[in-house]
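Peer 1: This is the structure alone, sequence omitted:
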């Protein structure tokens, strides 16, 4: 078994190309249909279609939406997604709150700059394509929204929430900052779980993993375990085809653990605390090498 398996760069690249082609194709199609299908009456700008007034309205609304989005984002981070008691498990409730708050935050962070761009470029596009200023402003607005959604596939804006949640929860369990310095922040999931279990987040638990000389020690929000080498039946690396991590070429480490009743439990590991999918891929590769070396009896990570 190759514990250092990686996803082919070409397999990742064609998926990104496919996403871009679909988005650009749909956007171009909608725009072409709109421009080739004249609205009832004269499509030229009327005297009442004042580009300066539209620009001011768009920019004012855009600044307001952006400020609200940034403010809510910072509040969510510094209140740990409105979580204040870490003496009990918090992950299940936190991920649900984060899921719905993400809609509000993303709305502000996308619509705000999009409206500002609409105010700046809307009058220009209205003159070029001979559209009403209000309709022309939709082009940069929708363009920014689509672009931001694509960026969110790579940039992980909720990393501070996950990192703070793990640190505060483990601190409540008596684990110090010094002990955490030697740990790897990870999430756990079950590869056998159906897609219905992925609502809000695929991770079923969040915590820290220590790779010591004789065991893998995990301390999480809900679960804690220590695995010796004899507990491990197999170590596998496999991409999750139903996750956006596939787009970054991430092949997760999956531990096949022997249970007391003789059954085998699969534990899929997710690296946490990184800002980009590229950093998560490198962290996952490092985790795979550390666990493989530990399993082979080589020097473990301190």
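Peer 2: Structure's in. What do you need? Keep in mind that what you see is a predicted model, and the values were worked out from it rather than measured.
Peer 1: hey, which helix is longest across the protein?
Peer 2: In the chain, taking DSSP state H as the definition, the longest helix is helix 91-129.
Peer 1: how about the helices in the chain?
Peer 2: 9-36, 51-78, 91-129, 133-136, 138-152, 159-172, 177-180, 277-295.
Peer 1: Show me which positions of the longest helix of the chain end up buried.
Peer 2: 91, 94-95, 97-98, 101-102, 105-106, 108-119, 121-123, 125-126 (16 or more other C-beta atoms under 10 Å). Where C-beta positions appear, they are placed from N, C-alpha and C, glycine not excepted.
Peer 1: about what we covered before: between the helices of the chain, which gets nearest to residue 190?
Peer 2: Smallest distance to residue 190 across those (C-beta to C-beta): 14.5 Å, for helix 91-129.
Peer 1: quick one: that closest one to helix 138-152, angle?
Peer 2: Angle, helix 91-129 to helix 138-152, by axes from the mean of the first three to the mean of the last three C-alpha atoms, to 10 degrees: 150 degrees.
Peer 1: who does helix 91-129 touch, helix- and strand-wise?
Peer 2: helix 51-78, helix 133-136, helix 138-152, helix 159-172 (3 or more C-beta pairs under 8 Å, 6 or more residues apart in numbering; DSSP states H and E).
Peer 1: Tabulate those helices (JSON lines), appending distance to residue 222.
Peer 2: Shown next, in JSON lines, are the helices and strands packed on helix 91-129 (distance: least, C-beta to C-beta, whole Å):
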{"stretch": "helix 51-78", "distance to residue 222": "22"}
{"stretch": "helix 133-136", "distance to residue 222": "51"}
{"stretch": "helix 138-152", "distance to residue 222": "27"}
{"stretch": "helix 159-172", "distance to residue 222": "10"}
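Peer 1: rank these by mean pLDDT and give me the bottom one.
Peer 2: Ranked by mean pLDDT, the helices and strands packed on helix 91-129 bottom out at helix 133-136, with a mean of 82.
Peer 1: I'd like the distance between the nearest residue in space to residue 265 that is not next to it in sequence and residue 228.
Peer 2: Closest residue in space to residue 265, ignoring its immediate chain neighbours: residue 257 at 4.7 Å, by C-beta to C-beta, 6 or more residues apart in numbering. As defined by C-beta to C-beta, to the nearest Å, residue 257 lies at a distance of 10 Å from residue 228.
Peer 1: Show me which of those two is the more surrounded one.
Peer 2: residue 257 (17 against 9; other C-beta atoms under 10 Å).
Peer 1: Do a quick rundown of the strands in the stretch 151-300 of the chain.
Peer 2: 184-189, 205-211, 216-220, 224-227, 232-239, 251-258, 264-271 (DSSP state E, counting those that start in this stretch).
Peer 1: could you dump those to TSV with distance to residue 169?
Peer 2: Formatted as TSV, these follow (distance: least, C-beta to C-beta, whole Å):
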stretch	distance to residue 169
strand 184-189	11
strand 205-211	8
strand 216-220	8
strand 224-227	12
strand 232-239	26
strand 251-258	22
strand 264-271	16
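Peer 1: Kindly state which of these is positioned closest to residue 278.
Peer 2: When those are compared (using C-beta to C-beta), the closest one is strand 264-271, at 11.7 Å.
Peer 1: Give me the helices and strands touching that closest one, please.
Peer 2: For strand 264-271, the packing partners by 3+ C-beta pairs under 8 Å, 6+ apart are strand 184-189, strand 251-258, helix 277-295.
Peer 1: Direction included, what does the first one pair up with?
Peer 2: For strand 184-189, the paired strands and their directions (DSSP bridges) read strand 205-211 (antiparallel), strand 264-271 (antiparallel).
Peer 1: closest to residue 190 out of those?
Peer 2: strand 264-271 (6.4 Å).
Peer 1: Between strand 251-258 and that closest one, find me the angle.
Peer 2: Using the same axes, to 10 degrees: strand 264-271 against strand 251-258 is 150 degrees.
Peer 1: outside of strand 264-271, which residues touch it?
Peer 2: Strand 264-271 has contacts (C-beta atoms under 8 Å, 6 or more residues apart in numbering) with 184-192, 202-203, 209, 233, 240, 245, 252-259, 280, 283-284, 287.
Peer 1: out of those residues, which are buried?
Peer 2: 184-189, 202-203, 209, 240, 245, 252-255, 257, 280, 283-284, 287.
Peer 1: residue contacts, the most centrally placed residue in the chain?
Peer 2: For the chain, the residue nearest the mean C-alpha position is residue 156 (4.5 Å; C-alpha atoms, centre = their mean). Residue 156 makes contact with 274, 275, 276, 277, 280 under the criterion C-beta under 8 Å, 6+ apart.
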